[in-house]
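K.L.:
Build me a model:
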Amino acid sequence: MTDPSNPSEQPNPSKPKCSARKTNGKPCGRYPVAGATVCPAHGGRAPQVKRAAVRRLAAAEWGRSFGEPLGDGDPTETVLNEIRWTAGHVAWLRDRVAEVEPEALIWGVSTEVDRQSGEFPGLDITRAAKAHAWLELYGQERDRLVRMCKIAHDMGIAQRQIELSERVGDLIAALLRAVLDELGLSPEQWEKANQATIRHLRLIAGSLEG
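P.N.:
Predicted structure coming up:
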């Protein structure tokens, strides 16, 4: 009989049942804890099961949050955005790695088996030399960042940005010359205005580079 006060036992035909079996060998029939494959009576409240459930639910939510494609993205901007995102991921993961104890970076739990029945029930934990998950993700994102930078280089993105900047600079210079010519300045005034313009353009360029 189901417990109406327990959300995990509410009828839901589309939801899978607990994967464990009763002592008589029959399927449990109860609903598992959210994110897990077993009900509370068959280990659903165990700390390691709760941790795994949280990871599964987070992964599912992450997958749902990706969203839909937004039109035809510009290849250059797509690559540059990917580099920015990946650089941010690398920085964030670097902080997570720094929070892990040095020994835990190369030594940790290899497997966890929750034995609910048998002669020796309990949790079997196997530890081995193994890179920490944060360290592995950090290395993967660093590799991704290098690959995206190479893609940008192969696409000639950097060179095109330089050429675009040069064209913009030429247009600005031509505009300023036309404005100064229309003002009818004397040679001395024109020279002062020209020097002031160059000085301020350099200041702007310096602030953008910084």
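K.L.:
Looking at the chain, name the residue that lies furthest from the middle.
P.N.:
Most distant from the centre of the chain: S186, at 59.0 Å, with distances by CA atoms, centre = their mean.
K.L.:
since we're on M155, how many residues are nearby?
P.N.:
13 (other CB atoms under 10 Å). C-beta here means a position set from N, CA and C on the backbone, and glycine is covered the same way.
K.L.:
My guess is it contacts T78. True?
P.N.:
No. If you go by CB atoms under 8 Å, M155 and T78 don't touch, sitting 10.4 Å apart.
K.L.:
picking up where we left off before, tell me who's in contact with the residue farthest from the centre of the chain.
P.N.:
By CB atoms under 8 Å, 6 or more residues apart in numbering, the contact set of S186 is empty.
K.L.:
Give me the distance between it and L180.
P.N.:
S186 is 11 Å from L180, where distance means CB to CB, to the nearest Å.
K.L.:
What of W92?
P.N.:
Between W92 and L180 the distance is 49 Å, computed by CB to CB.
K.L.:
Those two: which has the busier surroundings?
P.N.:
Neighbour tally, W92 and L180, criterion other CB under 10 Å: the higher count belongs to L180, 15 against 12.
K.L.:
Name the SS class of the nearest residue to A158 once chain neighbours are set aside, please.
P.N.:
The spatially closest residue to A158, leaving aside those adjacent along the chain, is A152, at 6.7 Å (CB to CB, 6 or more residues apart in numbering). Taking DSSP: H, G, I helix; E, B strand; the rest coil as the rule, one finds A152 in the helix state.
K.L.:
What's the local residue count around A152?
P.N.:
Look at A152: counted by other CB under 10 Å, it has 17 neighbours.
K.L.:
got it, and A53?
P.N.:
Counted with other CB under 10 Å, the neighbours of A53 add up to 18.
K.L.:
can you pull the contacts of the most centrally placed residue in the chain?
P.N.:
In the chain, the residue lying closest to the centroid (CA atoms, centre = their mean) is H89, at 5.3 Å. Each residue near H89 by CB under 8 Å, 6+ apart is listed here: E141.
K.L.:
what's the distance between it and R144?
P.N.:
H89 sits 8 Å away from R144, going by CB to CB.
K.L.:
and what of G35?
P.N.:
Taking CB to CB, one finds G35 at 28 Å from R144.
K.L.:
residues in contact with stretch 74-85?
P.N.:
So stretch 74-85 is contacted by L145, M148, C149, I151, A152, M155, I157, R160 (CB under 8 Å, 6+ apart).
K.L.:
what's the helix or strand encompassing the first one packed up against?
P.N.:
So the one you mean is L145. For L145, the host element (DSSP states H and E) is helix 133-154. Applying 3 or more CB pairs under 8 Å, 6 or more residues apart in numbering; DSSP states H and E, we find helix 133-154 packed against helix 75-99.
K.L.:
so the helix it packs on versus helix 133-154, what angle?
P.N.:
150 degrees (axes from the mean of the first three to the mean of the last three CA atoms, to 10 degrees).
K.L.:
All set now, cheers.
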